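Asker: fold the following.
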Amino acid sequence: MTVNPEEFDDIFSLICQDSLEHFVLFDSWEVDVTEVFAVIIVYCNATMEEKVPFLFDLFDFDHSKMISQDELVLLMLCTTRGLCKVVGKPRPATDSLEALATDAFSRIDRDQNGKISLDELTEWIVHERTVMTYLAKFANTRVIYENQEQYDLMQGTIYCIPEFC
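Answerer: So this is what the prediction gives:
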(Lines give C-alpha, C1' and ligand atoms only; values in the text may rest on other atoms or scores of the structure.)
Protein backbone atom coordinates (compact mmCIF):
# COMPACT_ATOMS: atom_id res chain seq x y z
CA MET A 1 0.00 0.00 0.00
CA THR A 2 1.38 3.38 -0.95
CA VAL A 3 0.40 6.90 0.03
CA ASN A 4 1.03 10.24 -1.63
CA PRO A 5 2.55 13.24 0.20
CA GLU A 6 -0.79 14.62 1.37
CA GLU A 7 -1.94 11.25 2.74
CA PHE A 8 1.43 10.72 4.39
CA ASP A 9 1.23 14.13 6.05
CA ASP A 10 -2.29 13.39 7.33
CA ILE A 11 -1.12 10.14 8.91
CA PHE A 12 2.38 10.99 10.14
CA SER A 13 2.46 14.78 10.66
CA LEU A 14 2.86 14.38 14.43
CA ILE A 15 6.12 12.45 14.08
CA CYS A 16 7.50 13.67 10.76
CA GLN A 17 7.96 17.33 10.00
CA ASP A 18 8.57 18.54 6.44
CA SER A 19 7.39 15.34 4.82
CA LEU A 20 7.47 16.92 1.35
CA GLU A 21 11.23 17.27 1.72
CA HIS A 22 11.50 13.50 2.16
CA PHE A 23 9.39 12.77 -0.91
CA VAL A 24 11.73 14.93 -3.00
CA LEU A 25 14.72 12.98 -1.64
CA PHE A 26 13.06 9.66 -2.51
CA ASP A 27 12.54 10.88 -6.09
CA SER A 28 9.03 9.49 -5.86
CA TRP A 29 5.68 10.89 -4.95
CA GLU A 30 4.55 7.72 -3.21
CA VAL A 31 5.88 5.89 -0.19
CA ASP A 32 5.27 2.32 0.97
CA VAL A 33 3.43 2.54 4.29
CA THR A 34 4.80 -0.84 5.38
CA GLU A 35 8.33 0.56 5.03
CA VAL A 36 7.34 3.57 7.14
CA PHE A 37 5.89 1.43 9.93
CA ALA A 38 8.91 -0.90 9.87
CA VAL A 39 11.28 2.07 10.26
CA ILE A 40 9.18 3.53 13.07
CA ILE A 41 9.39 0.19 14.87
CA VAL A 42 13.16 -0.08 14.39
CA TYR A 43 13.76 3.48 15.61
CA CYS A 44 11.26 3.46 18.48
CA ASN A 45 12.60 3.83 22.00
CA ALA A 46 12.24 0.17 23.00
CA THR A 47 14.40 -2.88 23.46
CA MET A 48 14.94 -5.31 20.63
CA GLU A 49 12.76 -7.82 22.48
CA GLU A 50 9.92 -5.28 22.53
CA LYS A 51 10.29 -4.37 18.85
CA VAL A 52 10.19 -7.89 17.41
CA PRO A 53 6.49 -8.59 18.16
CA PHE A 54 5.51 -5.37 16.38
CA LEU A 55 7.52 -6.29 13.28
CA PHE A 56 6.15 -9.82 13.47
CA ASP A 57 2.53 -8.62 13.58
CA LEU A 58 3.12 -6.07 10.82
CA PHE A 59 4.29 -8.78 8.41
CA ASP A 60 2.02 -11.65 9.54
CA PHE A 61 -0.35 -10.80 6.71
CA ASP A 62 -2.56 -13.88 7.08
CA HIS A 63 -2.77 -13.47 10.90
CA SER A 64 -1.65 -17.07 11.39
CA LYS A 65 0.68 -16.12 14.27
CA MET A 66 3.46 -17.56 12.10
CA ILE A 67 5.72 -15.96 9.49
CA SER A 68 6.08 -17.69 6.14
CA GLN A 69 9.20 -17.45 4.01
CA ASP A 70 7.46 -14.92 1.73
CA GLU A 71 6.48 -12.82 4.75
CA LEU A 72 10.08 -12.88 6.04
CA VAL A 73 11.32 -11.77 2.62
CA LEU A 74 8.89 -8.83 2.74
CA LEU A 75 9.89 -8.02 6.32
CA MET A 76 13.55 -7.83 5.32
CA LEU A 77 12.88 -5.97 2.05
CA CYS A 78 10.61 -3.33 3.57
CA THR A 79 12.73 -2.78 6.67
CA THR A 80 15.98 -2.47 4.73
CA ARG A 81 14.51 -0.25 2.01
CA GLY A 82 12.90 2.02 4.59
CA LEU A 83 16.10 2.32 6.63
CA CYS A 84 18.13 3.07 3.51
CA LYS A 85 15.69 5.81 2.50
CA VAL A 86 15.79 7.39 5.95
CA VAL A 87 19.58 7.58 6.10
CA GLY A 88 20.02 8.38 2.39
CA LYS A 89 21.95 5.25 1.45
CA PRO A 90 21.43 3.27 -1.75
CA ARG A 91 19.26 0.26 -1.19
CA PRO A 92 20.66 -3.18 -1.84
CA ALA A 93 19.45 -5.21 -4.80
CA THR A 94 16.18 -7.06 -4.28
CA ASP A 95 17.67 -10.40 -5.32
CA SER A 96 20.45 -10.13 -2.71
CA LEU A 97 17.91 -9.33 0.01
CA GLU A 98 15.72 -12.24 -1.10
CA ALA A 99 18.72 -14.59 -0.96
CA LEU A 100 19.62 -13.30 2.50
CA ALA A 101 16.03 -13.79 3.70
CA THR A 102 15.88 -17.31 2.27
CA ASP A 103 19.12 -18.23 4.03
CA ALA A 104 17.93 -16.61 7.26
CA PHE A 105 14.61 -18.46 7.09
CA SER A 106 16.35 -21.83 6.99
CA ARG A 107 18.38 -20.91 10.09
CA ILE A 108 15.47 -19.37 12.02
CA ASP A 109 12.99 -22.20 11.41
CA ARG A 110 14.52 -24.50 14.03
CA ASP A 111 11.70 -27.05 13.98
CA GLN A 112 11.72 -27.11 10.14
CA ASN A 113 7.93 -26.76 9.88
CA GLY A 114 8.13 -24.18 7.10
CA LYS A 115 6.97 -21.32 9.33
CA ILE A 116 8.61 -19.08 11.91
CA SER A 117 7.05 -18.48 15.31
CA LEU A 118 7.41 -15.23 17.23
CA ASP A 119 9.74 -17.02 19.65
CA GLU A 120 11.96 -18.27 16.81
CA LEU A 121 12.16 -14.82 15.21
CA THR A 122 12.85 -13.11 18.55
CA GLU A 123 15.58 -15.59 19.41
CA TRP A 124 17.26 -15.03 16.05
CA ILE A 125 17.02 -11.23 16.00
CA VAL A 126 18.16 -10.81 19.60
CA HIS A 127 21.00 -13.33 19.57
CA GLU A 128 22.26 -13.43 15.98
CA ARG A 129 25.13 -10.93 15.76
CA THR A 130 24.88 -10.66 11.98
CA VAL A 131 21.49 -8.95 12.34
CA MET A 132 23.04 -5.91 14.02
CA THR A 133 26.01 -5.97 11.67
CA TYR A 134 23.61 -6.07 8.72
CA LEU A 135 21.54 -3.18 10.08
CA ALA A 136 24.68 -1.17 10.79
CA LYS A 137 25.87 -1.72 7.21
CA PHE A 138 22.77 -0.22 5.62
CA ALA A 139 21.60 2.10 8.38
CA ASN A 140 24.75 3.30 10.06
CA THR A 141 23.14 5.10 13.00
CA ARG A 142 23.87 5.44 16.69
CA VAL A 143 20.30 4.41 17.55
CA ILE A 144 20.76 0.85 16.36
CA TYR A 145 24.20 0.51 17.92
CA GLU A 146 23.09 1.98 21.25
CA ASN A 147 20.16 -0.43 21.47
CA GLN A 148 22.49 -3.37 20.89
CA GLU A 149 25.08 -1.91 23.29
CA GLN A 150 22.37 -1.66 25.97
CA TYR A 151 21.42 -5.30 25.37
CA ASP A 152 25.08 -6.40 25.50
CA LEU A 153 25.58 -4.56 28.79
CA MET A 154 22.59 -6.37 30.23
CA GLN A 155 24.06 -9.68 29.02
CA GLY A 156 27.52 -8.82 30.34
CA THR A 157 29.32 -8.78 26.99
CA ILE A 158 30.33 -5.87 24.79
CA TYR A 159 31.24 -6.15 21.14
CA CYS A 160 32.68 -3.21 19.28
CA ILE A 161 31.60 -2.35 15.75
CA PRO A 162 34.56 -0.32 14.39
CA GLU A 163 32.44 2.48 12.91
CA PHE A 164 31.06 3.28 16.35
CA CYS A 165 34.10 2.81 18.63
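
Asker: remind me, longest helix of this protein?
Answerer: Taking DSSP state H as the criterion, the chain has its longest helix at helix 69-87.

Asker: in that helix, what's buried?
Answerer: For helix 69-87, burial by neighbour count (16 or more other Cβ atoms under 10 Å) applies to 69, 71-86. All C-beta spots, glycine's among them, are computed from the backbone N, C-alpha and C.

Asker: burial measure for Ser117, as a count.
Answerer: 17 (other Cβ atoms under 10 Å).

Asker: how about the nearest residue to it, chain neighbours excluded?
Answerer: Met66 (6.1 Å; Cβ to Cβ, 6 or more residues apart in numbering).

Asker: over to Leu55?
Answerer: Here the residue nearest Leu55, using Cβ to Cβ, 6+ apart, is Ile41, at 5.4 Å.

Asker: likewise for Ser68?
Answerer: Lys115 (5.9 Å).

Asker: make sure the one you found is actually in contact with Leu121.
Answerer: No: in this structure Lys115 lies outside contact range of Leu121 using Cβ atoms under 8 Å: 10.4 Å.

Asker: which of the two has more residues huddled nearby?
Answerer: Under the criterion of other Cβ under 10 Å, the comparison of Lys115 against Leu121 puts Leu121 first, with 22 against 17.

Asker: which parts of the host helix or strand of the more buried one are buried?
Answerer: Leu121 is part of helix 118-127, with elements assigned from DSSP states H and E. By 16+ other Cβ under 10 Å, the buried positions in helix 118-127 come out as 118, 120-122, 124-126.

Asker: hmm, who's touching that helix?
Answerer: 48-49, 52-53, 55-56, 65, 67, 104, 107-111, 131, 151 (Cβ atoms under 8 Å, 6 or more residues apart in numbering).

Asker: burial of Ile67, as a residue count?
Answerer: Counted with other Cβ under 10 Å, Ile67 comes out at 27.

Asker: let me see the contact set for it.
Answerer: 56, 59-60, 75, 115-117, 121.
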